[in-house]
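>>> Quick one, what's the 3D model for this:
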Amino acid sequence: MDTKLTAELRATHAGQIAEEVLRKCVHCGFCTATCPTYQLLGDELDGPRGRIYLIKQVLEGKAVTEKTRTHLDRCLTCRSCETTCPSGVKYSHLLDVGRAVVEAKLPRRFADRVTRALLRTVLPNPGLFGPAVALGRAVRPLLPTSLADKLPPAQPAGAPWPKQAAHPRRMLALAGCVQPSLAPNINAATARVFDKLGIELFEEAKAVCCGAVRFHLNDHETAKNDMRRNIDAWWPHVEAGVEAIVVTASGCGVQVRDYAHILADDTVYAEKAEKISALCRDPSEILAGEKAALLPLLALHPEKRGKLAFHSPCTLQHGLQIRGSIEVLLQAAGYELTPVADSHLCCGSAGTYSVLQPELANKLRANKLAALNAGGPALAATANIGCLTHLQAGSMLPVRHWIELIDEAMA
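A predicted model of the protein is given here:
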């Protein structure tokens with residue numbers, strides 16, 4: 001694709017990224033076939049190819065309109081198009097640049113600004129989010145249905161973290177910002193599974209939000225500061241030889257894996273960010289490498305555990321490019337996996353998307369739940385806290401994080 005970016009933008013790192021991405025696009029349209037919003041709306045501008053054209057126009061100096069922003073806001077950033085693209089177009093990187101330029105040139109309406117400011121302030125801050133969740137649960141019957149649905153019931157405490165053992169292998173875990181309040185057992189379950197494999201998993205208290213919430217709400221500078229704080233918090237452990245940084249929410253995992261890209265022009269942090277991204281692992285990647293030790297432990301308690309539907313988050317299959325490994329582990333634990341139609345399509349959670357685009361998010365959730373329920377499972381599992389809470393809010397089918405099921409099978 002030929003480009004004529006403005007001279008001002010072309011001189012920036014963001015402009016160079018955009019130009020590189022745009023020049024790879026050959027207009028083939030394969031991406032539209034796997035785009036969730038295009039499937040729902042049937043509008044070329046609500047598919048990746050159309051949005052690329054809109055971004056190109058903006059970056060070439062054309063006027064920014066509300067119509068342009070509407071189509072960009074509707075994008076889930078699910079990256080399904082990146083999996084489909086034969087040319088290797090990094091659409092999500094272009095979208096980050098385009099949205100930032102639109103945001104700078106066209107101020108949002110007051111109500112929209114307030115909503116986004118609240119999301120940027122509360123969600124990444126466990127000190128605010130945790131009490132807000134507790135208060136919401138206490139007054140849940142008084143809340144509007146749209147808000148009450150976003151508050152999953154409190155989880156039972158579950159087993160504690162394993163006692164510190166003298167394991168030679170040590171890995172860091174990202175606590176996250178919303179997961180400790182919504183599903184505190186996930187990281188503890190991961191630590192228990194790892195402990196049985198001779199790996200110590202621990203959290204660094206100084207680490208903060210991975211930066212995804214603020215970054216995807218176009219507060220790039222604050223998000224980069226979150227990333228730098230995490231790098232500073234983790235760096236002593238990296239220097240001490242920690243084996244990996246394990247992120248149990250695949251949405252956060254994609255963001256940490258992107259630190260090297262986002263901070264590439266930061267002269268102080270670029271090299272460290274590259275190291276952090278290289279160390280980032282989903283727990284399934286660790287367990288896939290430990291099958292020789294894991295499978296005999298699962299075989300100690302062989303039993304049929306019933307039918308289960310696995311929802312693979314977009315961030316897992318398209319962002320991290322991990323497919324099939326969790327399903328193998330669940331089958332080894334005794335679950336019968338049911339088929340899920342259109343498993344490549346998003347459930348509609350997509351970070352704050354379900355709050356900002358509720359109509360589209362609810363349609364996508366309804367489609368996903370129909371696909372999950374079609375095989376008659378007793379349980380659903382997923383790998384991302386956002387997907388878990390979004391799906392659970394619209395379903396009577398229990399939804400769990402897959403690592404909790406592996407932990408229970410090994411207990």
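
>>> hey, let's count contacts and neighbours off CA atoms from now on
Will do.

>>> For the nearest residue to Ile199 once chain neighbours are set aside, give its distance to Arg365.
Of all residues not flanking Ile199 in the chain, Arg169 sits nearest, at 5.0 Å (Cα to Cα, 6 or more residues apart in numbering). Separation of Arg169 from Arg365 (Cα to Cα, to the nearest Å): 40 Å.

>>> ok, the two, which is more surrounded?
Arg365 (24 against 16; other Cα atoms under 10 Å).

>>> Confirm that Cys346 sits in a strand.
No. Cys346 is assigned coil when assessed by DSSP: H, G, I helix; E, B strand; the rest coil, not a strand.

>>> For it, which residues are in contact?
Listed by Cα atoms under 8 Å, 6 or more residues apart in numbering, the contact set of Cys346 reads Pro36, Cys78, Pro313, Cys314, Leu364, Lys368.

>>> cool, Ala299 as well?
Ala332, Ala333.

>>> For it, give me phi and psi.
Per-residue torsions, Ala299: phi -70, psi -10 (degrees, to the nearest 10).

>>> How confident was the prediction at it?
As predicted, Ala299 sits at a pLDDT of 84.

>>> now it: how far from Ala173?
27 Å.

>>> returning to what we had before: will you turn the contacts of Cys346 into JSON lines that also has pLDDT and distance to Pro180?
Formatted as JSON lines, those follow (pLDDT from 0 to 100; distance: Cα to Cα, whole Å):
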{"residue": "Pro36", "pLDDT": "97", "distance to Pro180": "30"}
{"residue": "Cys78", "pLDDT": "97", "distance to Pro180": "24"}
{"residue": "Pro313", "pLDDT": "97", "distance to Pro180": "19"}
{"residue": "Cys314", "pLDDT": "97", "distance to Pro180": "22"}
{"residue": "Leu364", "pLDDT": "97", "distance to Pro180": "26"}
{"residue": "Lys368", "pLDDT": "97", "distance to Pro180": "26"}
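
>>> And the furthest pair within these?
For these, the farthest-apart pair by Cα to Cα is Cys78 and Lys368; their separation is 14.3 Å.

>>> thought Ala381 was touching Val399?
Yes. Proximity of Ala381 to Val399 meets the contact threshold set by Cα atoms under 8 Å, at 5.4 Å.

>>> Please name the residues that touch Gly351.
Gly351 makes contacts with Val213, Gly251, Gly386, as judged by Cα under 8 Å, 6+ apart.

>>> So which of those wins on neighbours?
Of the contacts of Gly351, Gly251 is surrounded by the most neighbours, 26 neighbours in total, counting by other Cα under 10 Å.

>>> which helices and strands sit right next to the helix or strand harbouring Cys387?
Here Cys387 sits within helix 385-393, counting by DSSP states H and E. On a contact count with 3 or more Cα pairs under 8 Å, 6 or more residues apart in numbering; DSSP states H and E, helix 385-393 meets helix 358-373, strand 399-401.

>>> In TSV, list the ones you listed along with distance to Pro156.
TSV is the format used below for the helices and strands packed on helix 385-393 (distance: least, Cα to Cα, whole Å):
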stretch	distance to Pro156
helix 358-373	24
strand 399-401	12
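
>>> do you know how far the residue lying closest to Val26 once chain neighbours are set aside is from Lys24?
Distance criterion Cα to Cα, 6+ apart; nearest residue to Val26, sequence neighbours excluded, is Met1 at 6.1 Å. For Met1, the distance to Lys24 equals 7 Å [Cα to Cα].

>>> Contacts for the helix holding Cys387 next, please.
With Cα under 8 Å, 6+ apart as the test, helix 385-393 has contacts from 149-152, 179, 183, 249, 251, 313, 347-351, 354, 365, 369, 381-382, 398-401.

>>> Kindly report the same for stretch 63-71.
Under Cα under 8 Å, 6+ apart, the answer for stretch 63-71 is Leu45, Asp46, Arg51, Leu54, Val58, Arg99, Val102, Lys105, Leu106.

>>> contacting residues around the closest residue in space to the first one that isn't next to it in sequence?
Think Leu45. Spatial nearest neighbour of Leu45, chain neighbours left out: Arg51 (5.5 Å); criterion: Cα to Cα, 6+ apart. The neighbourhood of Arg51, defined by Cα under 8 Å, 6+ apart, consists of Leu45, His71, Leu72.

>>> before we move on, back to that, more neighbours: Cys78 and Lys368, which one.
Using other Cα under 10 Å as the criterion, Cys78 and Lys368 rank with Cys78 on top: 26 against 22.

>>> hang on, the more buried one is in a helix, isn't it?
No. With three-state DSSP as the criterion, Cys78 is coil rather than part of a helix.

>>> Run a quick neighbour tally on the residue nearest to it when sequence neighbours are not counted.
Leaving aside its chain neighbours, Cys78 sits nearest to Cys314 (5.3 Å; criterion: Cα to Cα, 6+ apart). A count of neighbours around Cys314, defined by other Cα under 10 Å, yields 30.
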